[in-house]
Structures are given as C-alpha cells and as structure tokens.
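> Here is a sequence with its predicted model. Questions after.
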Amino acid sequence: MTSTAPADVRPDPPRPDGATGLAEFGYRQELHRSLGRYASFAAGFSFISVLTTVFQFFAFGYAFGGPVFFWTWPAVLVGQLAVAACFAELAARYPLSGAIYQWSSRLSNRSFGWFAGWIMVIGQIVVVAAAALALQMVLPAIWSGFQLVGDDPAPTSADGAANAAVLGVILLTLTTLVNIVDNRVMSAVNRIGVTAEIIGAVLIIVLLFTHSERSPGITFHTGEGGNGLFGALMVGSFMAAYVMIGFDSAGEMSEETHNPRRTAPRTILTALGAAGLLGGLIVLGGLLAAPSLTDGRLGVDGLSYVLTSSLGDGVGRALLADVVVAVAVATLAIQTAACRMLFSMARDGQLPFSGRLARVAPRTGMPGAPALVVGVLAAALLLLNFASPDAFLAIGTTCIVMLYLAYAMVTGPLLVRRLRGGFGAGGSDETGAPLFSLGRWGVPVNVLALLYGLFMTVNLAWPRAAVYDPAGGHWYFRWFTLLFLGMTVLAGAAYRAYRVRATVTEAPEVVPASYA
C-alpha cells in the first residue's frame, strides 16, 4: 500500500484525542500492535546492547587510549542524550515504522528524507554484520571448541577473523528465522534476552568492583603507548560511539506498540539512559579489576580476559555465556529495526521490488522479505573478514558513521523547523496528556545534538592509517568508510534518477506523483 501523505514539508499534527490509528498518515494497520512498554524499551536497549558492544570494542578503546578513554563514555552519552531527546519529541508526533526516514521526510522534503532512510537502512545492515562478529570475542573464551577455523581466537588474527565470520553467519541464520516466524515470538525473545542482559550486566558490575585492583584515579592516565590526551580521546571515543546507537529502535517499532505516542518517547530515553549507566560502570569496573594494565592483554583480549582472570574460569565463563545471549538478541533487534525501515520505505513505493518488501503476512504480522534481504546482505559483508582481519574495524566504524549521518539528517531539519517557528508544543497522547516536548530547551538541545553528531561523524570517518591500516598495504581499509558511504550515496542517487525518469513514462497510479 502507498501513502497518500503529501511530499511537502508540513508535519502532520497529532490528533487532539491522541489516537494511535495510522489513517491520519495515509496507512493501514498491517503490523500487529502487540508490544507493551517493556517490549518497546527492550527494542531500544537490545539494539544498544551494552554487553555486546562493550565487550566487542573495549580492547580497541584501551589499546589506543589507555585508561583515559573511559572519559569518552560520559562525553558521548551527553551528546547522544541530546539526540535522543529530539527523537523522543518526534516519536510522539510521528509514531511510524521507518522512523528516521519518516521524520526526515516530514521535517524537510521527500527526497532528503529518502536519502536519510537509504543511508540509515544500509548502515543498519552493516550494524547487523558488526554485531554478529561480536560472538568471536566471547565464544572461544568460553570453550576452545567454538574456534572452528584455525587456532588463534584473537579477532585481529587471520584465524580469528575467519572464525568470526563463520559464527556470524550461523547467528544471522537464526535471527532471520525469528524475524520471519511471528511478531510475538520476536518480542518474547527480545524481552527475555534483555532481562538476562540487564541481570548479567549488574552482576558483572558488582563482581568487577568487588575485585578492584586499583583506584578510579587510574582513568586520568593515558597508559603506555598512548597517543596523547587528545588523540586518545578522539580514537578511544569509537567504542562509546559504537555502543550508544540504536535507541531510536523504540520509534521504529511504533506501529507495533500500544499507546506509542506516550510509550515510545519514554522508552527511547530510558533505553539510552539505562545503557549509558550500565555500560559506563562496566568500563570503569573492567579498568579497576584488570590483573594488569601493562601486560598487553587488555588491549587485545579486552573484558573477556578480565572476567576469566579476575573472577576465575567458572564464574567468568558463566558471565560470558550471558554475553552470548546479549549478542544474539542484539543482532536480532538490529535486524528487526532494519526490516522495519525497508518495510516503511517500500510501503511508500520508494525501493526496488517495493511490492514484495512491503508485504506483511496477515498471520504473523511480520514483513518476511525484508528479513531475508537484511540477513543475506549482512552475511555477505561478513565475507570481508576472510580477506583481512582489518575488516572487523572497518565494518564496525562504517556502520557508526552511517547512523550518525542519518541522525544528523533528522536533527538538522528539525533545528531549521524550530528556528522558523514551525515545530512546537501541542497535541496530546493516548491518555490525553500533552505530548513529550523540550519546550524552551528545544533549540539549545537541538543545536548540541546536531553539532555533536556532525563532529563525531567526521571524527569517526577520518582515514587514520594507525587505526584502519596499522600493518600497511591495505589502503582500501583506511578509506573503507568514505568509499562505502560514497558508493551508498551514488547508488541511491542513481536509483532516484531512474525513478524520476520512470515517473515521466509510467501511469500516476504506479508511481504516485507525491513521491516523485
């Protein structure tokens, strides 16, 4: 089904009674509306998945920054909270799947919003691949039998990189099946997984702090081999930036959430806040409990080394098993968010094979084709790991850059709308209460969100040879993020140009004029 919403810049004001129906936006209710508040929170929290991402990138942050890289965590959290606050306002006013695409389109215009959605969905597919690779950081540490390829489990080695790809493909097969089976099954897996992750994170924090070897003052040291304070913070911020993305997933699931105008804004903020608190404590606890900060292992094996060395093999491996659950649920949640973005854009006739991608199975309430597309493309990206271990970092950084850029393509138009006086308070949620609003803080928070997002996009994409090609000889990995982003934009522009030409010759009912 295609939307009848106009291509113009005017936002759709919320109905006074706070109704959750999609008719006001020009859509039919096809996805099953079955998610409560905790399931909505789980959608955002599981995408962030502190256990998955902190365990995946802790070693990288420490290797480049030393203990001082801890301070990048609160800095990134403040910036992302500003972004999340802006998104919370938008989630209350536009409770639609494909949140980034829908928000950007309605704040600017259909073409700009299309590119925001296109960059976001490609970025989400890359995030799915990056999340699946995280299994390599924990499974071989639990049992050597999980090292199916070669003998060296380090993800920076050829054996470790290849094994990460194999484990990732297996995981993607399972998450794709869950994303096809049923909306309720997906939600149940998500809720159970998030509950296990929160319990595991709290246990890890308590055990790390009770096994501290040093004082928090160590976080003011750059460590041996550090790159200076500024360099340590800029490169060390990669870990925090990678962790604290995906909170918008609560908005992505709006069409499947009860009372989304009230629920989604709150769960966007609580998911990021909870992840920010737990993740920061895990990072600090890992630094305090590490057996040594100078033996080189913390910059290679990361938190897995800390858990098994400080807490003993039994307890350490039990907690690592909980991390495995977190990795699996995170991969599932990220794939689900990408599926909803594909579905939303296809429903508007904005993608190739839109008819198929927008089809929802009436029994399951799930768009099956997008799940297959995301799973296959993410698995294809994992094959880069067979080419070189450097692909691990290239894939991880590329997905962050693309999501940060897509976020800026929402906060930018939102700021313009605020300054023009076209975005303000008004309307009510499903309970009759006023919609979530930043009020007079809207402009300063929005400015911070935009400037932070643009700064971090440049910082993450900067082609540092020491980061992306430390061994030399792989120029394409050094420039991988910019090359991949450039190809994504060019491919999108080519498709848009094709659609414009097709619109001239096709009947209006095939390609609605409002989306040309």
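It's in.

> Below-threshold pLDDT in the chain: ranges please.
Residue ranges of the chain with pLDDT under 70: 1-21, 223-228, 232, 424-425, 503-516.

> Excluding chain neighbours, what is closest to Arg415?
Not quite, residue 415 is Leu, not Arg. Asn446 (4.6 Å; Cβ to Cβ, 6 or more residues apart in numbering). All C-beta atoms are positioned from the backbone trio N, CA, C, and that covers glycine.

> The one you found: neighbour count?
Each residue near Asn446 was counted by other Cβ atoms under 10 Å, and the total is 25.

> From here on, call the first residue 49.
Sure, I'll start counting at 49 from here, so that last one is Asn494.

> and it, that one's in a strand?
No - under DSSP: H, G, I helix; E, B strand; the rest coil, Asn494 sits outside any strand and is assigned helix.

> hang on, isn't it packed against Cys134?
Yes - applying Cβ atoms under 8 Å as the test, Asn494 and Cys134 come out as touching, 5.6 Å apart.

> how distant is stretch 242-256 from the center of its chain?
Distance of stretch 242-256 from the chain centroid (Cα atoms, centre = their mean, to the nearest Å) equals 21 Å.

> Residues touching that stretch, excluding its own?
Residues outside stretch 242-256 that contact it (Cβ atoms under 8 Å, 6 or more residues apart in numbering) are 89-90, 93-94, 97-99, 322, 326, 329-330, 333-334, 336-337, 354-355, 358-359, 363, 367, 370-371, 373-374, 377.

> Mutual contacts of Asn494 and Cys134, please.
In contact with both Asn494 and Cys134: 459, 462, 486, using Cβ under 8 Å, 6+ apart.

> What are the buried residues along the host helix or strand of Leu251?
Taking DSSP states H and E as the definition, one finds Leu251 inside helix 231-258. For helix 231-258, the neighbour count (16 or more other Cβ atoms under 10 Å) marks 231, 234-235, 237-239, 241-242, 244-246, 248-249, 252-253, 255-256 as buried.

> distance between it and the chain's centre?
Using Cα atoms, centre = their mean, the offset of helix 231-258 from its chain centre is 18 Å.

> buried stuff in the strand or helix carrying Arg466?
If you go by DSSP H and E, Arg466 is part of helix 439-467. For helix 439-467, burial by neighbour count (16+ other Cβ under 10 Å) applies to 439-466.

> Kindly report the same for stretch 425-439.
Of all the residues in stretch 425-439, those buried under the rule 16+ other Cβ under 10 Å are 425-427, 429-430, 432-433, 436-439.

> quick check, nearest of those to Pro203?
Minimum distance to Pro203 across these is 6.7 Å, recorded for Pro437 (Cβ to Cβ).

> Next up, the contacts around the residue nearest to that closest one when sequence neighbours are not counted.
Sequence neighbours aside, Ala209 is the residue nearest to Pro437 in space, at 3.9 Å (criterion: Cβ to Cβ, 6+ apart). With contacts defined as Cβ under 8 Å, 6+ apart, the neighbours of Ala209 are 184, 203, 433-434, 436-437, 439-440.

> what's next to stretch 525-534, contact-wise?
167, 174, 436, 438-439, 441-442, 445-446, 449-450, 453, 508-509, 511-513, 516-517, 524.

> try 10 Å this time
Contact with stretch 525-534 is made by 167, 170-171, 174, 429, 432, 435-450, 453, 505, 508-520, 522-524, as judged by Cβ atoms under 10 Å, 6 or more residues apart in numbering.

> shouldn't Leu187 be in contact with Pro203?
No - using Cβ atoms under 10 Å, Leu187 is not in contact with Pro203; the gap is 11.4 Å.

> Find residues that contact each of those two.
Taking Cβ under 10 Å, 6+ apart as the contact rule, Leu187 and Pro203 both touch 211-212.

> Check the gap between Val233 and Ala180 for me.
Val233 sits 20 Å away from Ala180 when distances are taken as Cβ to Cβ, to the nearest Å.

> same thing with Arg232?
Noted for Arg232: a distance of 24 Å to Ala180, by Cβ to Cβ.

> Is Arg262 in a helix, a strand, or coil?
Recorded secondary structure, Arg262: coil (three-state DSSP).

> so it makes contact with Leu332?
No - Arg262 lies out of contact with Leu332 (Cβ under 10 Å); the separation is 11.1 Å.

> Touching both of the two, which residues are there?
Common contacts of Arg262 and Leu332 (Cβ under 10 Å, 6+ apart): Pro115.

> which helix of the chain spans the most residues?
Looking across the chain with DSSP state H, the single longest helix is helix 361-395.

> any idea which helix or strand comes after that helix?
Taking DSSP H and E, what comes next after helix 361-395 is helix 402-405.
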